[in-house]
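> Sequence and predicted structure below; questions after.
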Amino acid sequence: MDCYTAEQKITGFIQNELDDAETEAFLSHIRSCESCRNELETNYFIVEGLRMLDTDSDDFDVKGTMDRAIRSAYQRLRTARGWKIVLYSVNTLVFLSVIGTLLLELRILFYR
Ligand SMILES: [Zn+2]
């Protein structure tokens with residue numbers, strides 16, 4: 001992902017609107033590109049400011065909010081990857097069961 005694309009995705013990331021592939025590409029860019037990381041932090045600065053105005057709270061923790069969002073995005077990606085493995089395993093088992101059943105059927109048909 002290049003800087004231009006990453007900057008386009010910042011709002012989507014903050015609002016949790018990116019799909020898993022986009023989130024992964026975005027996070028990997030943010031990790032290696034300081035300029036986009038700063039841009040993301042600036043956006044969180046605005047988000048945090050608005051949240052403070054809305055809730056009358058006085059803890060202004062931009063870095064914490066951004067770090068939490070990044071951590072939870074990584075967590076979401078790990079969970080999604082885990083489910084993909086589970087689904088793949090179940091699919092493989094179902095496929096093997098179907099093949100096994102077919103072979104048994106054929107045996108019944110041809111070796112009566
Ligand atoms: Zn960049």
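Received it, and whenever you're ready, just let me know what you need.
> quick one: the one helix or strand in the chain whose mean pLDDT sits lowest near the ion?
Sorting the helices and strands of the chain by mean pLDDT, DSSP states H and E puts helix 34-55 at the bottom, at a mean of 88. Yes - looking at helix 34-55 against the ion by CB under 5 Å from the ion, the contacts come from residue 36. C-beta here means a position set from N, CA and C on the backbone, and glycine is covered the same way.
> tell me what that helix is packed against?
The elements that helix 34-55 packs onto, with contact taken as 3 or more CB pairs under 8 Å, 6 or more residues apart in numbering; DSSP states H and E, are helix 3-14, helix 20-32, helix 62-110.
> Of all those helices, which one is nearest residue 45?
Using CB to CB as the criterion, the shortest distance between residue 45 and the helices and strands packed on helix 34-55 is 4.9 Å, found for helix 62-110.
> Can you give the distance of the closest one from its chain's centre?
Taking the mean C-alpha point of helix 62-110 and that of its whole chain, the gap between them comes to 15 Å (CA atoms, centre = their mean, to the nearest Å).
> got CSV for the helices and strands packed on helix 34-55, with mean neighbour count too?
Putting those into CSV (neighbours: other CB atoms under 10 Å) gives the following:
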stretch, mean neighbour count
helix 3-14, 15
helix 20-32, 16
helix 62-110, 11
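> Turn these into a markdown table, including mean pLDDT and distance to the ion.
Putting the helices and strands packed on helix 34-55 into a markdown table (pLDDT from 0 to 100; distance: least, CB to the ion, whole Å) gives the following:
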| stretch | mean pLDDT | distance to the ion |
| --- | --- | --- |
| helix 3-14 | 94 | 3 |
| helix 20-32 | 94 | 6 |
| helix 62-110 | 93 | 15 |
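> Quick one: neighbours of residue 36, just the number.
The tally of other residues near residue 36 (other CB atoms under 10 Å) stands at 22.
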